[in-house]
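Undergrad: Quick one, fold the following:
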Amino acid sequence: MDSLTQIVLGGAIGELVAGRKMGNRAVLWGAIAGTIPDLDVFFRAFFHPMEAALVHRGFSHSLLFSVLVSPFLGWILNWATKGTHGFWLWTQLFFWGIVTHPILDMFTNYGTQFLWPLEARITFNSVFVIDPLYTVPFMVLLIWAMRLDRNSAKRRRLNRIGLIYSTSYLVIGALVKCYVWYDATQYMSEKHIKVNRMMVTPMPFTSFYWYVLGENESEYIVAYRSLFNATIHEKPMILTRGSHRINELKWIGRNQTKNLHRVTNDYCLIESKKNKLIVYDLRFGLLSKFTREKIHTPLMGFECTLLQNRIIRTSMHRQAQWDKVDFGYYWDEVLGR
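TA: I've put the predicted structure just below:
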């Protein structure tokens with residue numbers, strides 16, 4: 001999730017664990033704990049872009065990281081405060097503040113390597129990384145609670161309501177995803193569209209509009225599902241897979257084929273442009289619904305520079321054509337208009 005959301009969750013956890021003893025300082029330290037796992041972004045510059053994509057939400061988002069780091073930080077803060085609150089309380093605050101960060105990230109598209117050193121990323125893929133309907137009510141309740149006395153029963157109640165709301169939102173999102181996936185499966189079957197594999201994920205900023213991505217041997221199938229409509233109501237978009245495949249890519253230096261499989265989960269479309277290859281990760285969607293169907297380019301991927309048909313350089317590739325974005329059209333699509 002985005003940094004603000006992780007700060008709010010960490011602050012609420014800090015209040016739950018130590019609010020009575022520390023007051024608003026518990027919220028502050030909980031917010032700090034909730035941001036610690038994302039410090040891995042500062043290490044990405046030292047890695048190949050595809051390796052960097054795997055470093056993020058890797059070890060620092062694991063259960064092992066929480067277990068190892070929490071006592072160390074607990075010891076430092078206990079020493080710095082001269083034992084005022086005790087080593088165990090500080091350790092609990094940091095553990096729960098840190099570990100809930102990757103648990104929340106599990107519900108997003110990219111997931112987390114929570115069981116590191118195992119390579120598998122756990123993802124429920126049921127909430128977008130920025131979702132105001134999740135964050136704003138949660139944040140309002142936390143700020144309201146912070147304005148009350150640390151010993152106030154109402155303060156604790158408001159914080160618990162925020163945590164219950166946020167947890168319920170995630171559970172409901174997972175259930176909605178199951179419903180959308182089932183409906184999309186039925187739709188593909190009724191329309192006789194061959195799909196070997198399929199994923200569904202929420203579209204940006206909302207849990208009411210979903211992106212459906214299916215694949216077979218020769219093409220990708222892209223559809224959209226608004227919860228305000230009875231089912232998928234537009235004809236799906238077909239993307240031809242083309243002649244390029246991940247396993248056919250050739251590299252100068254370290255072979256990144258395995259990492260590319262992992263990064264994209266094989267939802268990968270490769271486009272040739274002169275001396276470059278654009279390797280799109282289709283899991284992150286297309287620009288279609290933000291540009292009144294004028295641009296159908298995938299949003300994210302990697303740009304690979306070629307020399308004699310071998311990849312010599314790779315960089316992140318984003319299609320951020322904000323001058324063509326029409327949010328009015330997008331929200332009409334969300335509402336099924």
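
Undergrad: List the contacts of the most centrally placed residue in the chain.
TA: For the chain, the residue lying nearest the average C-alpha position, counting by C-alpha atoms, centre = their mean, turns out to be residue 108 (3.5 Å). Contact criterion C-beta atoms under 8 Å, 6 or more residues apart in numbering gives 1, 123, 125, 127-129 as the residues in contact with residue 108. Every residue, glycine included, has its C-beta placed from N, CA and C.

Undergrad: swap in residue 326?
TA: 290-292.

Undergrad: so for the biggest helix by length in the chain, what's the average pLDDT?
TA: Ranked by residue count under DSSP state H, the longest helix found in the chain is helix 153-190. Taken as a whole, helix 153-190 has an average pLDDT of 97.

Undergrad: what packs against it?
TA: In terms of contacts (3 or more C-beta pairs under 8 Å, 6 or more residues apart in numbering; DSSP states H and E), helix 153-190 is packed against helix 3-22, helix 132-146, strand 197-202, strand 209-215, strand 219-226.

Undergrad: C-alpha coordinates for stretch 304-311, PDB please?
TA: Extracted in PDB, the C-alpha atoms of stretch 304-311 (Å, rounded to 0.1, in the frame of the first residue of the first chain):
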ATOM      1  CA  CYS A 304      15.500  -3.100 -23.000                       C
ATOM      2  CA  THR A 305      18.200  -1.700 -25.300                       C
ATOM      3  CA  LEU A 306      19.600  -4.200 -27.800                       C
ATOM      4  CA  LEU A 307      23.000  -4.700 -29.400                       C
ATOM      5  CA  GLN A 308      23.100  -7.500 -32.000                       C
ATOM      6  CA  ASN A 309      19.800  -8.800 -30.700                       C
ATOM      7  CA  ARG A 310      21.100  -9.100 -27.200                       C
ATOM      8  CA  ILE A 311      20.000  -7.000 -24.300                       C
END
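
Undergrad: Flag every buried residue along that stretch.
TA: By neighbour count, and taking 16 or more other C-beta atoms under 10 Å as the criterion, the buried residues in stretch 304-311 are 304, 306, 311.

Undergrad: Report how many residues lie close to residue 30.
TA: Close neighbours of residue 30, defined as other C-beta atoms under 10 Å, add up to 30.

Undergrad: Could you do residue 228 as well?
TA: Other residues within reach of residue 228 by the criterion other C-beta under 10 Å amount to 12.

Undergrad: ok, now which ones touch residue 165?
TA: Neighbouring residues of residue 165 by C-beta under 8 Å, 6+ apart: 137-138, 141.

Undergrad: Show the buried residues in those residues.
TA: Among the contacts of residue 165, those buried by neighbour count (16+ other C-beta under 10 Å) are 138, 141.

Undergrad: From the contacts of residue 165, pick the one nearest residue 262.
TA: Compare each of those with residue 262 using C-beta to C-beta and the shortest gap goes to residue 138, at 31.8 Å.

Undergrad: Distance check, that closest one against residue 130.
TA: Here the criterion is C-beta to C-beta, to the nearest Å. By it, residue 138 lies 13 Å from residue 130.

Undergrad: joint contacts of those two?
TA: A shared contact of residue 138 and residue 130, defined by C-beta under 8 Å, 6+ apart, is any residue touching both; here these are residue 5.

Undergrad: May I ask you to confirm that residue 28 is in contact with residue 18?
TA: No - with contact taken as C-beta atoms under 8 Å, residue 28 and residue 18 are classed as non-touching, separated by 10.6 Å.

Undergrad: Could you dump the contacts of residue 165 into TSV with pLDDT and distance to residue 186 added?
TA: Output for those, formatted as TSV (pLDDT from 0 to 100; distance: C-beta to C-beta, whole Å):
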residue	pLDDT	distance to residue 186
137	97	33
138	97	34
141	98	38
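
Undergrad: of all the contacts of residue 165, which comes closest to residue 249?
TA: Top of the list for closeness to residue 249, among the contacts of residue 165 and by C-beta to C-beta, is residue 138 at 42.7 Å.

Undergrad: Thought residue 9 was touching the closest one, still the case?
TA: Yes - between residue 138 and residue 9 a contact is recorded at 7.4 Å, counting by C-beta under 8 Å.

Undergrad: Can you work out which residues contact both of the two?
TA: Between them, residue 138 and residue 9 have residue 166 as joint contacts when contacts are counted by C-beta under 8 Å, 6+ apart.

Undergrad: how about the helices and strands packed on helix 153-190, which one is nearest residue 90?
TA: Ranking the helices and strands packed on helix 153-190 by their distance to residue 90 (criterion: C-beta to C-beta) puts helix 3-22 first, at 8.1 Å.

Undergrad: List the buried residues in that closest one.
TA: Applying a neighbour-count criterion of 16+ other C-beta under 10 Å, one finds 5-19, 22 buried in helix 3-22.

Undergrad: residues in contact with it?
TA: For helix 3-22, using C-beta under 8 Å, 6+ apart, the contacting residues are 1, 26-35, 38, 85, 89, 92-93, 96-97, 100-101, 104, 130-131, 134-135, 138-139, 142, 145-146, 150-151, 155-156, 159-160, 162-163, 166.

Undergrad: could you give the angle of it to helix 132-146?
TA: Comparing the axes of helix 3-22 and helix 132-146 via axes from the mean of the first three to the mean of the last three C-alpha atoms, to 10 degrees yields an angle of 20 degrees.

Undergrad: Fine by me, thanks again.
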